[in-house]
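[1] take this sequence and fold it.
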Amino acid sequence: MAEVWLGTDLMLNRQVAVKLLKPALASDPVVAERFRREAIAVAQLSHPNIVAVYDSVEDVIEGHRRQAVVMQLINGKSLRQLLDDQKRLSPELTMHIGSCVAAALDAAHQANMVHRDVKPGNILITPDGRVLLTDFGIAKGLADADDLTSDHIMMGTAKYLSPEQVRGFKLDGRADLYSLGLVLYECLAGRVPFLGETDADTALARLNRDPTGLDVLRPTLPRGLVQLVHRLLQRKPLDRPASGAEVRNALTAIAQQPRPTPKPAVPTKPAVPPKPAAPPSAAPTQRRSPPPARRNGPPTGGYTPVHGGRPAGAPIRVDRTPPDPSRPKQRPNRMFEQRRSPSMLIVGGLLFAAFVIGLILWATLGNDDTKQPFTPPSSSSELGPDSTGATPSAGMSATLFDPDGDGTETAAGAASVLDGNPQTSWSTLCYSDRFLGGKAGVGLVVDLGSTASGTLRIAIGSAPYQLQVFAAPDGPRPTSLAGFGQPVKKLAGSEPITVDVAVATPSRYALVMFNELGKSSDCQRNPYRGRIGEISWSPN
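    Have a look, this model is predicted:
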């Protein structure tokens, strides 16, 4: 909607931020009125975690009437920039950010205003740790009869919409709290829980499934934090916290919990055997009354508790067995001696013959545990095996790419996608969810052997599928999705197919990554799996 300029307040001699409506939008009366209402609405909010509005002006610039809002200048960066740099934040910083934003939202909600666009890009953080919420451009007054937007239009950013925003239902402050839950989830997990091929898919995903548990993605989070974030992400507003103040109080209580510290190991003393009881022939002695029992630890003072005239614990018996002066026998008893009989020879011969036959069968048929058969389907878009002149395996290698995994995803068979054999393939693990349980994706990184532009041919052996292809230049192989930048191609289909993807920029690495998996008959309890048959490369 606007450009933000650094300005100087000549009257008060201070730097300010000037939010200037773009010329193309200034002539739209609805946009201009919404821009003016933002200034009026935020000017009524005075809170340390909300960017302050100083003034609203209108002027003619280069022959065009322009509107501007003069705002507090924040010297810092957005949470979006921070997440792009660090991907995940510590629980302590996440709780501090969440507490500040919750307080800002509580102030806005008490003023009968819903922000509707809570996201990392609208949260600013200063070097001294101050957190401020900004951009009330599409905020909605709860008491406004005229919203300036249609009831059937989703206002907000697709990745951070609440379910009621997606459905077009009436909103209250709990819609902002849902969006705050998505922000906290991303800070802790390094990604949003719902992501689709399009903005519509992303928005609708939260209506059909629950997010992957934070305790699965990050098991060491403080007690109570995971439960609070998942309460914020409940689909029904009634199941979420009632206000921003409640969220802030909960985060403060969690942050003040003592973190468990490992206790140092205490060496244990060897048990002291009890003293043997006096023999019956000894003179009777006066029995001592036991001292008061202690709650912890053994009794003190050298006292050994007795019961029925015998010492407590296991009795110690003296071994009085006389030694045997004779030497042990050099041969076992005949009844335990093993004998070689004709029956044992026959069984041994049969076992040896079975072993030889099994060895011959194994050498003849081969072992196909890690290479699952895949025959690329015939398709109007499928090309012949040699039509591009590809050399599949010359100097190329393939490795697993699972940035959000827990180390269980399989790399077995990765090399088979480059062996030129259409009967071999690489497959993911079996997943319970076709969108990989909220993962950003799983796939293979192919080292093309040299830097060049060209055509990448991919035999996709599972369907339906959503798949993205990325490329990266020469240098260290990227280990994160951010290292590959924007995708070269996004693919989706309902049938297995072999496709060609043009890579125009000279590249050394190619990433082929599944975002949606198809059902597989090889999987039982978890039915979804992705499969790639062959990958070949034709440099220009």
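[2] in the chain, where is pLDDT below threshold?
    Residues of the chain that meet the criterion pLDDT under 70 lie in 137-156, 195-206, 208, 259-345, 347, 360-394, 406, 438.
[3] residue 411: neighbour count?
    When counting by other Cβ atoms under 10 Å, one arrives at 14 neighbours for residue 411. Backbone N, C-alpha and C define where each C-beta goes, glycine included.
[4] how about residue 256?
    A count of nearby residues for residue 256, using other Cβ under 10 Å, gives 7.
[5] check residue 130 too.
    14.
[6] relative to residue 112, how far out is it?
    26 Å (Cβ to Cβ, to the nearest Å).
[7] cool, and residue 180?
    To residue 112, residue 180 is 18 Å away according to Cβ to Cβ.
[8] and these two? Which one has more around it.
    Counted by other Cβ under 10 Å, residue 180 and residue 112 do not tie: residue 180 has more neighbours, with 30 against 14.
[9] for that one, grab phi and psi.
    Here is the backbone geometry of residue 180 (degrees, to the nearest 10): phi -60, psi -40.
[10] tell me if I'm right that it and residue 232 touch.
    Yes: the criterion here is Cβ atoms under 8 Å, and residue 180 meets it with residue 232 at 6.3 Å.
[11] shared neighbours of the two, which are they?
    Contact with both residue 180 and residue 232 is made by residues residue 247, according to Cβ atoms under 8 Å, 6 or more residues apart in numbering.
[12] pull out the buried residues from the strand or helix carrying residue 513.
    Using DSSP states H and E, residue 513 maps to strand 497-516. Within strand 497-516, the residues that count as buried by 16 or more other Cβ atoms under 10 Å are 497-501, 503, 507-516.
[13] which members of these define the maximum pairwise distance?
    508 and 516 (27.4 Å; Cβ to Cβ).
[14] shouldn't residue 228 be in contact with residue 248?
    No: applying Cβ under 8 Å as the test, residue 228 and residue 248 come out as separate, 10.9 Å apart.
[15] what do the two both touch?
    By Cβ under 8 Å, 6+ apart, no residue touches both residue 228 and residue 248.
[16] just the buried residues of strand 497-516 now: which is nearest residue 475?
    Using Cβ to Cβ, residue 508 is the member of these that sits closest to residue 475, with 7.2 Å.
[17] find the residue closest to the closest one in space, skipping its chain neighbours.
    Of all residues not flanking residue 508 in the chain, residue 474 sits nearest, at 4.1 Å (Cβ to Cβ, 6 or more residues apart in numbering).
[18] next, count neighbours for that neighbour.
    Residue 474: 12 neighbours (other Cβ under 10 Å).
[19] so it touches residue 505, yeah?
    No: here residue 474 does not reach residue 505: they are 11.4 Å apart, not a contact under Cβ under 8 Å.
[20] by contact count, what packs against the helix or strand in which residue 59 is found?
    Using DSSP H and E, residue 59 falls within strand 53-61. Packing partners of strand 53-61 (3 or more Cβ pairs under 8 Å, 6 or more residues apart in numbering; DSSP states H and E): helix 29-43, strand 64-72.
[21] direction included, what does it pair up with?
    strand 64-72 (antiparallel) (DSSP bridges).
[22] so after the partner strand, what's the next helix or strand?
    Counting by DSSP H and E, what follows strand 64-72 is strand 77-78.
[23] returning to that earlier point: of all the helices and strands packed on strand 53-61, which one is nearest residue 466?
    Using Cβ to Cβ, the helices and strands packed on strand 53-61 put helix 29-43 closest to residue 466, at 34.6 Å.
[24] how does this protein divide up, domain by domain?
    For the chain, automatic domain parsing gives the domain ranges 2-72, 77-255, 397-539.
[25] and those as JSON lines, adding distance to residue 349?
    Shown next, in JSON lines, are those (distance: least, Cβ to Cβ, whole Å):
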{"stretch": "domain 2-72", "distance to residue 349": "85"}
{"stretch": "domain 77-255", "distance to residue 349": "54"}
{"stretch": "domain 397-539", "distance to residue 349": "38"}
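[26] how much space between residue 39 and residue 521?
    Residue 39 is 61 Å from residue 521, by Cβ to Cβ.
[27] the more surrounded of these two?
    residue 39 (21 against 7).
[28] my guess is the more buried one contacts residue 58. True?
    No: taking contacts as Cβ under 8 Å, residue 39 lies outside contact range of residue 58: 10.7 Å.
[29] name all residues that make contact with the residue nearest to residue 129 when sequence neighbours are not counted.
    Spatially, and ignoring its direct neighbours in sequence, residue 129 is nearest to residue 96 (7.1 Å; Cβ to Cβ, 6+ apart). Listed by Cβ under 8 Å, 6+ apart, the contact set of residue 96 reads 129, 131, 255.
[30] out of these, which end up buried?
    131, 255.
[31] helix or strand for residue 98, which one?
    helix 91-110.
[32] the helix or strand following that helix pairs with which strands?
    Using DSSP H and E, the helix or strand that directly follows helix 91-110 along the chain is strand 113-114. Paired with strand 113-114 in the same sheet, following DSSP bridges, are strand 140-141 (antiparallel).
[33] send me the helix or strand following the partner strand as PDB with only the CA atoms.
    As assigned by DSSP H and E, the chain's next helix or strand after strand 140-141 is helix 163-167. C-alpha atoms of helix 163-167 as PDB (Å, rounded to 0.1, in the frame of the first residue of the first chain):
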ATOM      1  CA  PRO A 163      -9.800 -20.500  10.500                       C
ATOM      2  CA  GLU A 164     -12.600 -18.000  10.900                       C
ATOM      3  CA  GLN A 165     -10.900 -15.500   8.600                       C
ATOM      4  CA  VAL A 166     -10.600 -18.300   5.900                       C
ATOM      5  CA  ARG A 167     -14.400 -19.000   6.300                       C
END
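[34] check the offset of helix 163-167 from the chain's centre.
    Relative to its chain's centre, helix 163-167 lies at 24 Å (Cα atoms, centre = their mean, to the nearest Å).
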